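Undergrad: need a structure here:
(chains A, B, C and D)
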2 protein chains.
Amino acid sequence: MSSFQLEAITLGEGVNAVEAVTQRLRQAILDGSLSGGQVLRQETLAQQLGVSRLPIREAIRQLHSEGLVQMSVHRGAIVTALSPEDIREIYDIRVGLETTALRLALPHLSPAILKRANELMKKTETTSDADSWSEANWQFHLTLYAPAQRPRMIELIRTMHDNVGRYLRVYPALLQQQKNSHQEHQQLLAACQAQDEGRALQLLRQHLEGAGERLAAYIAQQRSAK
Amino acid sequence: MSSFQLEAITLGEGVNAVEAVTQRLRQAILDGSLSGGQVLRQETLAQQLGVSRLPIREAIRQLHSEGLVQMSVHRGAIVTALSPEDIREIYDIRVGLETTALRLALPHLSPAILKRANELMKKTETTSDADSWSEANWQFHLTLYAPAQRPRMIELIRTMHDNVGRYLRVYPALLQQQKNSHQEHQQLLAACQAQDEGRALQLLRQHLEGAGERLAAYIAQQRSAK
DNA sequence: TTATATAATTTTGTATCCAATTTTACTAGA
DNA sequence: TCTAGTAAAATTGGATACAAAATTATATAA
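TA: Model prediction:
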């Protein structure tokens, strides 16, 4: 049960192989094509993607630095499988980073930005499939953080978000749980609109802690089931 | 003025080259042997460290993910030179991560841990050279965060700390500025001892923001001077 | 002299080959 | 049948060789 198929990358026109491989593998992990625990054989990936092992190795190292892959010397790489504790920790990190981003963004949240956030929030209420809900939800949060003008911080948040977000695709049942957070989104947006920093940060923290706890509990349950 | 000399690594006994090279290069960047803007030629490094270019490439990619090196395709890598804005952003990230770590650690700060923190704080007051002050200062903060039991979070904090901390070695004048923060350390430790979460987090945030602003201002001044 | 085009050089990116290590399969002995 | 030891296979780590791109140097024309 460790079989998978990845489409070969098309390179040429200044596209370098490492970048292309990294994106392809990251995508496969995030959309669940490669799930936690999956062994990544260099030769297999090289043949499937139509490159040599070298770009594969560098791509794996890159994904390792993003937390998506675990490496061990002479034993190869596997897709990271997060334990419930891992998930709680990643959400703790998100709380730290995202409340800081929101605090810095809050003074710069213009009516136009809040309007866009509101539209994205409505989108999450109407979409049903995991992919578009995930995307809209991420864009909603990103819209609130972007005015902070902190590219490194945003990138870190994105990495953490991706690392836990992939489980939404793996376990569709989680989507329903997360959709219960619509009310929290509304309250958060209202607090931002009112420029109520204390309340906005508290709501965001609760929102994330709740989502993290639900995901961790679900993973724990899945583990004990098998 | 782009010359430097690195001692060859000794590998063998299960030591893999990539790891050894990564540590050697990281060390060289953190202690100022390789300073911001320095171009990293793969062939040069390979010869100096006594390995082929391949481990060098993977090490550079690793350091890139830590923010210490910037890569651009077909143009090579340079040691990251932080702008004042970069430094402020990294300190903003540190505020988010470190206040969260301290909040989670606070309930677990035992008398023994507080005693150790107090000893490390005293050490920072007595040492004079940049190296031992930096180390003691870092250990002081780490001691307060470690009981949070969040290894990923600690690792992220360490990465951010290293990235800005290296400037203390490059610009010794900064050391005197930072030593003015002793009083802040004392107040922080007192708030932790009193389990006063609100005050402890506020002090830590001010402590970091102050240090960040001083460093950013110094870098800005250095820039305009030349 | 300056600007532009072009060739030479340097440097990085990738593929292939060999070495070192780990894993698996097999054999022998109790 | 089980275990320990050993050999074979598979797999990763690293070095060398070659291709592609960028940089530098050179030459030519305005």
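Undergrad: Distance of the closest residue to A:Gln187 other than its chain neighbours relative to A:Ile219?
TA: Among residues not flanking A:Gln187 along the chain, A:Leu203 sits closest, at 5.4 Å (Cβ to Cβ, 6 or more residues apart in numbering or on different chains). C-beta here means a position set from N, CA and C on the backbone, and glycine is covered the same way. The spacing between A:Leu203 and A:Ile219, counted by Cβ to Cβ, to the nearest Å, is 25 Å.
Undergrad: Equivalent analysis for A:Ala101, please.
TA: A:Ala101 sits 26 Å away from A:Ile219, going by Cβ to Cβ.
Undergrad: Just the element for the residue nearest to A:Gln187, please.
TA: Using DSSP states H and E, A:Leu203 sits in helix A:197-225.
Undergrad: Which other helices and strands does that helix contact?
TA: helix A:84-105, helix A:151-170, helix A:173-179, helix A:182-193 (3 or more Cβ pairs under 8 Å, 6 or more residues apart in numbering or on different chains; DSSP states H and E).
Undergrad: per-residue pLDDT, A:Ser2?
TA: pLDDT for A:Ser2: 62.
Undergrad: Oh, that last question was meant for A:Gly12, not what I typed.
TA: With respect to pLDDT, A:Gly12 scores 60.
Undergrad: One more: the one 10 residues further on?
TA: Looking at A:Thr22, its pLDDT is 97.
Undergrad: mind checking how far the residue nearest to it when sequence neighbours are not counted is from DNA strand C?
TA: Closest residue to A:Thr22 apart from its sequence neighbours, by Cβ to Cβ, 6+ apart: A:Ala59 at 4.1 Å. To DNA strand C, A:Ala59 is 9 Å away according to Cβ to the nearest atom of the strand, to the nearest Å.
Undergrad: neighbours of A:His108, just the number please.
TA: Neighbours of A:His108 under the rule other Cβ atoms under 10 Å in any protein chain shown: 11.
Undergrad: show me the contacts for A:Lys133.
TA: Just so we're on the same page, residue A:133 is Trp rather than Lys. By Cβ atoms under 8 Å, 6 or more residues apart in numbering or on different chains, the contact set of A:Trp133 is A:Thr124, A:Thr127, A:Leu168, A:Leu175, A:Gln178, A:Lys179.
Undergrad: closest to B:Leu189 among the residues you listed?
TA: Of all the contacts of A:Trp133, the one sitting nearest B:Leu189 is A:Gln178; the distance, using Cβ to Cβ, is 40.4 Å.
Undergrad: Next, count neighbours for the residue nearest to A:Thr99 when sequence neighbours are not counted.
TA: Sequence neighbours aside, A:Leu201 is the residue nearest to A:Thr99 in space, at 4.8 Å (criterion: Cβ to Cβ, 6+ apart). For A:Leu201, the neighbour count with other Cβ under 10 Å is 19.
Undergrad: Which secondary structure element of chain A has the lowest mean pLDDT?
TA: helix A:173-179 (a mean of 85; mean pLDDT, DSSP states H and E).
Undergrad: Would you mind listing what in chain A touches chain B?
TA: Residues of chain A found near chain B (Cβ under 8 Å from any Cβ of the partner chain) are A:14, A:16, A:19, A:54, A:57-58, A:61-62, A:65-67, A:73-74, A:86, A:89-90, A:92-93, A:95-97, A:99-101, A:104, A:150-153, A:156.
Undergrad: Pull out the buried members of those.
TA: In terms of neighbour count (16 or more other Cβ atoms under 10 Å in any protein chain shown), the buried residues within the residues of chain A next to chain B are A:19, A:54, A:57-58, A:61-62, A:65-67, A:86, A:89-90, A:92-93, A:95-97, A:99-101, A:104, A:150, A:153, A:156.
Undergrad: List the buried residues in the helix or strand containing A:Gln27.
TA: Here A:Gln27 sits within helix A:17-30, counting by DSSP H and E. Using 16+ other Cβ under 10 Å as the test for burial, helix A:17-30 gives A:Ala17, A:Val18, A:Glu19, A:Ala20, A:Val21, A:Thr22, A:Arg24, A:Leu25, A:Arg26, A:Ala28, A:Ile29, A:Leu30.
Undergrad: Adjacent strands (with direction) for the following helix or strand past that helix?
TA: Next in sequence after helix A:17-30, counting helices and strands by DSSP H and E, comes strand A:39-40. Each strand paired with strand A:39-40, and its direction, by DSSP bridges: strand A:76-79 (antiparallel).
Undergrad: The partner strand and DNA strand C, any residue contact?
TA: No - counting by Cβ under 7 Å from any atom of the strand, DNA strand C is not contacted by strand A:76-79; separation bottoms out at 8.2 Å.
Undergrad: Show residues contacting that strand.
TA: Strand A:76-79 has contacts (Cβ under 8 Å, 6+ apart) with A:29, A:34-42, A:60, A:64, A:68-71.
Undergrad: and those, which are buried?
TA: Among those, those classed as buried by 16+ other Cβ under 10 Å are A:Ile29, A:Leu34, A:Gly36, A:Gln38, A:Leu40, A:Ile60, A:His64, A:Leu68, A:Val69, A:Gln70, A:Met71.
Undergrad: tell me the pLDDT at the second one?
TA: Okay, so that is A:Leu34. With respect to pLDDT, A:Leu34 scores 96.
Undergrad: Look up how far A:Leu189 lies from the residue nearest to it when sequence neighbours are not counted.
TA: Excluding the flanking residues, the one nearest A:Leu34 by Cβ to Cβ, 6+ apart is A:Ala28, at 4.5 Å. Distance from A:Ala28 to A:Leu189, counting by Cβ to Cβ: 34 Å.
Undergrad: No further questions, thank you.
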